[in-house]
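J.: have a look; sequence and predicted model below, questions after that.
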Amino acid sequence: MDAKRKRMSKEYKAIRAIVSGGGTGGHIFPAISIADKLKELNPDTEILFVGADGKMEMEKVPAAGYKIVGLPVVGLQRQLNLRNIVNDLKAPFKLLQSLRAAKKVVKEFKPDVVVGVGGYASAPLLWAATGMKIPAVIQEQNGFAGLTNKMLGSRVQSICVAYEGMEKFFPADKIVMSGNPIRKDVSKPSTPEQKAQAMEFYGLDPQKKHLFVVGGSLGSGTLNRAMMHWIQDGCPGGEDLEVIWQCGKYYKASTDEFMAAHPDVKGIKHFDFIQRMDLAYAAADVVISRSGASTVSELCAMGKPTVFVPSPNVAEDHQTHNAMALVRKEAALLVKDSEAIDELLPTAIGLLGSPLKLASLAKNAEAMALRNAAQVICDEIYKLV
């Protein structure tokens, strides 16, 4: 192992890199994966993260062992209410303040390269850095490019994408098909040993079928309401089924209250956050999920039969684009958010009863996995350096 590291250190020299972006786990976890790969290629590489004050990257990035600087930048809010109007009125002033702070960060850190992973938090840093002639790479996770990355596309040297057809958003000569970087522990299908460990970890019965309901890092009101509706109906079709239900921190109190009011319901284990996603995936025969880019990439890599419920509350409906990339290749099913209350659990339970369909979805999903994304992106970084 030491010999391998020495060889990589010669091939990949130590560099200074700023990684910027965040707001949700869908941006943060790919960013950390890129940083981890850079450090693996050369442990002497120095990495600084830049995010948005008050957002989850300010907690998750230090927990992963990296230093982060927060900018006061805020995103524009689409829903019309007094709080959002005040936010949007302040946004231009916070952007100017963030641009000044970003220039100072770049001057002080002196990066060889900057990497943007999307989200409004990356806009000031990459705008400032490219204006100072620092080479830049952006990574677009979704099948429909985000506003920040579209704005930066003409200023950067390389654009790493995870879906085909991205030429409609970016210059074709800059596009590199990389896939989305994902965590090592969810980068390949589970072994029987991991499934056995998952049964023990979550206290599940190996003789039963298992459903994993996951609403993303913040939870999903729609998925939670669908679960509650199914439970209130008496859990039809769930006689031999156990459920791992990630309700989200925002919904934890109401979900606790609901489950306390239904003490006779057995086999449903609910959590606000899943610490061991690898074991939750390993336990699941079917996954119900939103279709954020990182989640879609993980599910492909794990070869999991999935029913996607794209969130309608995201820019440009990009979660539908993400899910449809799999649905068109018969690698997943889709239930619309507006139809989820009545149709979601019956669809998932029906799928559990069809072994041939389960096997087909798993095979087709795994065929779409791009597992070497972090390495491809790091190679693009080194081309610029």
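T.: Nice, thanks for sending it over.
J.: any idea how far the helix or strand where residue 278 lies is from the chain center?
T.: Secondary structure from DSSP states H and E places residue 278 in helix 277-283. Distance, stretch centre to chain centre, for helix 277-283: 16 Å (C-alpha atoms, centre = their mean, to the nearest Å).
J.: for it, give the mean pLDDT please.
T.: Across helix 277-283, pLDDT averages out at 96.
J.: so what touches it?
T.: Helix 277-283 is contacted from outside by 183, 185-186, 190, 194-195, 197-199, 201-202, 204, 210, 212, 214, 244, 246, 274, 287, 298-299, 302, 304, using C-beta atoms under 8 Å, 6 or more residues apart in numbering. Quick note: C-beta positions are derived from backbone N, CA and C, even for glycine.
J.: and for stretch 162-170?
T.: 140-145, 149-150, 153, 159, 161, 175, 177-180, 293, 297, 321-322, 325, 370, 373.
J.: if you set the cut-off to 6 Å instead, what comes out?
T.: 141, 143, 145, 150, 153, 159, 175, 179, 180, 325 (C-beta atoms under 6 Å, 6 or more residues apart in numbering).
J.: how long is it end to end?
T.: 13 Å (C-alpha to C-alpha, to the nearest Å).
J.: show residues contacting stretch 204-216.
T.: Under C-beta under 6 Å, 6+ apart, the answer for stretch 204-216 is 199, 223, 240-246, 248, 280, 283-290, 292, 348, 352.
J.: those, buried ones only, as a ChimeraX selection?
T.: Of the contacts of stretch 204-216, the buried ones can be selected in ChimeraX as follows, counting by 16 or more other C-beta atoms under 10 Å:
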select :199,223,241,242,243,244,245,246,248,280,283,284,285,286,287,288,289,290,292,348,352
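J.: which ones among the contacts of stretch 204-216 lie within helices?
T.: 199, 223, 280, 283, 348, 352 (DSSP state H).
J.: the nearest residue to the first one once chain neighbours are set aside in helix, strand or coil?
T.: For residue 199, ignoring the flanking residues on the chain, the nearest one in space by C-beta to C-beta, 6 or more residues apart in numbering is residue 206 at 4.9 Å. With DSSP: H, G, I helix; E, B strand; the rest coil as the basis, the three-state label of residue 206 is coil.
J.: now residue 206: how far from residue 72?
T.: Residue 206 sits at a distance of 51 Å from residue 72 (criterion: C-beta to C-beta, to the nearest Å).
J.: one more: residue 384?
T.: 29 Å.
J.: just residue 32 next, same as before
T.: Per C-beta to C-beta, residue 32 is found 23 Å from residue 72.
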